[in-house]
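Engineer: Fold the following.
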Amino acid sequence: MTEPRPRPVLAITMGDPAGIGPEIVLKALAHESVAKRCLPLVIGDRRILERAMGWDGIPTVKFRSVATPEEFAVGNAPDTGEVALVDLANADPADCTVGTVSAPSGRAAVETVQRACDLCMNGVADGMVTAPLNKDAMNQAGFNYAGHTELLADRTGAKKVTMLLVGPGLRVVHVSTHVALEEAVRRVRQERVAEVIDLAYRGCRALGIAAPRIGVAGLNPHAGESGLFGDQEAREIMPAVIAARARGLDVSDPQPPDTVFLRATRGAYDIVVAMYHDQGHIPMKLLAFDEGVNVSLGLPIIRTSVDHGTAFDIAGTGKARESSLLAAIDVALQMIASRRRSE
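Structural biologist: You can find the predicted model right below:
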């Protein structure tokens, strides 16, 4: 495709059929601003989406099943006010009980992600936005991944990936994510820290930040306090920082983990490299639980997601908020625009 489409195509996955994914997708699509800025292409099961439309507070969305997404993507389909749907017909409501972890729901959720990924890889979609899946359900279905990022890395063949969290006033990337804390400490190695610093730089550039200022969190209290509380800062993290500076990057020394995020929110850094999952997630969810966005860095495609789970406890009640999904759409469109400017 030689000319970029006036409105980017976003493949939007339904998420776990038993969770809040279907309802937040419907709520997000009801916002007129979404269709004005992109062409949404929903990947899921019509039966599950129609089931959600029957719940209190859930808007009705008119879907048009698209047999050939390629034709839709290049603009051959008429703009009728309907939302295009790739109906995988893979989630029988009888097998996907609302609020219940199950293998059928996990399988259906993974298949939607795989299809959206493939549409991005072959150029039909400009990016993908994912509603939440459930890791237990996914593993029950035989897909042994820790989450979306690992699944997509396998699907695309990407070797160096990480998770970026984006919220109002704070961006965080992680050296490790879904592993036990003991394993997370083992993974703080110079090579991996260097990889994530580079991914942090590339992530900021993808969001339109020309000269990213990268803050690096230490692993230990007080960033080791000159070796009194641990030596990973001097042994593994600082050498990666020095190497990054030699490549021209603006990177801090390892900072005390209990203050580096505050400094970032006050403008000292554009992004923070966290050493493990909770170190980065706790400040982000405290500051932006409903507006946080999860981005997979290092993939050959653009993928953003909500920064919350399937919330089985409120699924089917109509109480789920679509704000994080709308923010994920915003970030995906920012990244698409930035990529187009650089081409």
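
Engineer: can you map out the strands along the stretch 201-343 of the chain?
Structural biologist: Remark: strands assigned in the stretch 201-343 of the chain by DSSP state E, counting those that start in this stretch are 213-217, 250-255, 271-274, 293-297, 303-306.

Engineer: who does the fourth one touch, helix- and strand-wise?
Structural biologist: Pointing back at strand 293-297 there. Helices and strands touching strand 293-297, as assessed by 3 or more C-beta pairs under 8 Å, 6 or more residues apart in numbering; DSSP states H and E, comprise helix 148-156, strand 162-167, helix 190-206, strand 303-306, helix 323-342. Every residue, glycine included, has its C-beta placed from N, CA and C.

Engineer: And for the chain, the residue most distant from the center?
Structural biologist: Ranked by distance from the centre of the chain (C-alpha atoms, centre = their mean), the top residue is residue 228, with 36.8 Å.

Engineer: ok, now how distant is the residue nearest to it when sequence neighbours are not counted from residue 258?
Structural biologist: Excluding the flanking residues, the one nearest residue 228 by C-beta to C-beta, 6 or more residues apart in numbering is residue 222, at 7.9 Å. Between residue 222 and residue 258 the computed distance is 8 Å (C-beta to C-beta, to the nearest Å).

Engineer: do the same with residue 51
Structural biologist: Distance, residue 51 to residue 258, using C-beta to C-beta: 45 Å.

Engineer: Residue 285 now?
Structural biologist: To residue 258, residue 285 is 16 Å away according to C-beta to C-beta.

Engineer: likewise residue 122?
Structural biologist: Counting by C-beta to C-beta, the gap from residue 122 to residue 258 is 46 Å.

Engineer: Who has more neighbours out of these two?
Structural biologist: The neighbour comparison of residue 122 against residue 258 (other C-beta atoms under 10 Å) goes to residue 258, with 14 against 11.

Engineer: check contacts around that one.
Structural biologist: Neighbouring residues of residue 258 by C-beta atoms under 8 Å, 6 or more residues apart in numbering: residue 221.

Engineer: Any stretches of the stretch 51-200 of the chain with poor pLDDT?
Structural biologist: 68-80 (pLDDT under 70).

Engineer: how's the chain carved up into domains?
Structural biologist: 1-158+300-343, 160-298 (automatic domain parsing).

Engineer: show me the contacts for the closest residue in space to residue 274 that isn't next to it in sequence.
Structural biologist: Nearest non-adjacent residue to residue 274, counting by C-beta to C-beta, 6+ apart: residue 280, 3.1 Å away. Neighbouring residues of residue 280 by C-beta under 8 Å, 6+ apart: 165, 172-174, 217, 272, 274.
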